[in-house]
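> Below are the sequence and a predicted model for it; my questions follow.
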Amino acid sequence: MPDGDIVHSQLSWFYQNPYKLLCEGKDNNSEYAWVVKGAVIRDIKKNYGIGIAYAKQIGEMFRQAMENADQNSSVNWAALSMEIDRQVGQAKVKHHVQELLRRAGKGILHEFRYHHAAETSNLPEAVVERFFQEVYKAKFEQRIPLTPNHHADVDNATITERVESLRPDMLAEISKWASKATADGDVKNLRRSPRKKVIEINRDEDDLR
């Protein structure tokens, strides 16, 4: 797709080609995921690396709160929520980055509060991971339906199904990125996992084995 080709007005240029390929439906999930991962990692490196330090800070705040809860058997959830707002509000980042940091922090807070499963072994990393997930959702997944007519005349149900089928692979990759970014303190060394090769099996040869 030539530079500047816009096939979905609500997607940034990082995501135009992945969206186009998904609409045309000529490849397999592994290839779609590879292309989408490339778009997300470029977006994170360009626009969201600055959020890593603040995400880790929120995670550290959670860690201290959970340690205190173990000792005192009580958590002031409202105070924690307000502390997320305070930290995010003071973060020297653009508003849309603040909003994704807020979603990440409050999403994990909600899971703690209502006893849903939440990663507790490394809370700074958990918040970074959730932050990356929010980038993926806000910049790609949630924008897909925001057009009256999809590329290649594909219907909304079909493109939605294709995007949803990528989620397990995307979340697994995002988890790896979060671990690396948390350890490094930045995003410059993030890489996609190796491209998966699809091996076509010759049915006649397979029957002879």
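Arrived safely. Numbers count the residues shown, from 1 in each chain.

> C-terminal to the helix or strand containing residue 54, what's the next element?
Taking DSSP states H and E as the criterion, residue 54 maps to helix 52-72. Note on helix 52-72: by DSSP H and E, the next helix or strand toward the C-terminus is helix 77-90.

> any idea which residue sits dead centre in the chain?
With distances taken as CA atoms, centre = their mean, residue 133 lies nearest the centre of the chain, 2.3 Å away.

> angle of the helix or strand hosting it against helix 77-90?
Assigned by DSSP H and E, residue 133 falls within helix 123-139. Helix 123-139 runs at 70 degrees relative to helix 77-90, counting by axes from the mean of the first three to the mean of the last three CA atoms, to 10 degrees.

> Sort out which residues of the following helix or strand past helix 123-139 are buried, please.
Of the helices and strands lying after helix 123-139 in sequence (DSSP H and E), the nearest is helix 156-184. Across helix 156-184, burial judged by 16 or more other CB atoms under 10 Å covers 159, 162-163, 166, 169-170, 173-175, 177-178, 180-182. Placement of C-beta: from N, CA and C, glycine included.

> just stretch 101-112 next, same as before
For stretch 101-112, burial by neighbour count (16+ other CB under 10 Å) applies to 101, 102, 103, 104, 105, 106, 108, 109, 111, 112.

> Same question for stretch 186-199.
For stretch 186-199, the neighbour count (16+ other CB under 10 Å) marks 187, 190 as buried.

> ok, residues contacting it?
Stretch 186-199 is touched from outside by 28, 30-31, 34, 37-38, 41, 44-45, 48-49, 52, 173, 176-177, 180-181, with contacts defined as CB atoms under 8 Å, 6 or more residues apart in numbering.

> try stretch 94-107
Against stretch 94-107 from outside (CB under 8 Å, 6+ apart): 47-48, 50-51, 54-55, 58, 62, 81, 84-85, 87-89, 91, 93, 127, 130-131, 133-135, 138.

> Spit out the contact partners of residue 69.
By CB under 8 Å, 6+ apart, the contact list for residue 69 reads residue 75.

> Looking at it now. What's its pLDDT?
Per-residue pLDDT puts residue 69 at 74.

> What is the burial count for the nearest residue to residue 179 once chain neighbours are set aside?
Nearest residue to residue 179 in three dimensions, chain neighbours excluded: residue 125, at 6.0 Å (CB to CB, 6 or more residues apart in numbering). Using other CB atoms under 10 Å, residue 125 is surrounded by 20 other residues.

> Distance of residue 125 relative to residue 132?
For residue 125, the distance to residue 132 equals 11 Å [CB to CB, to the nearest Å].
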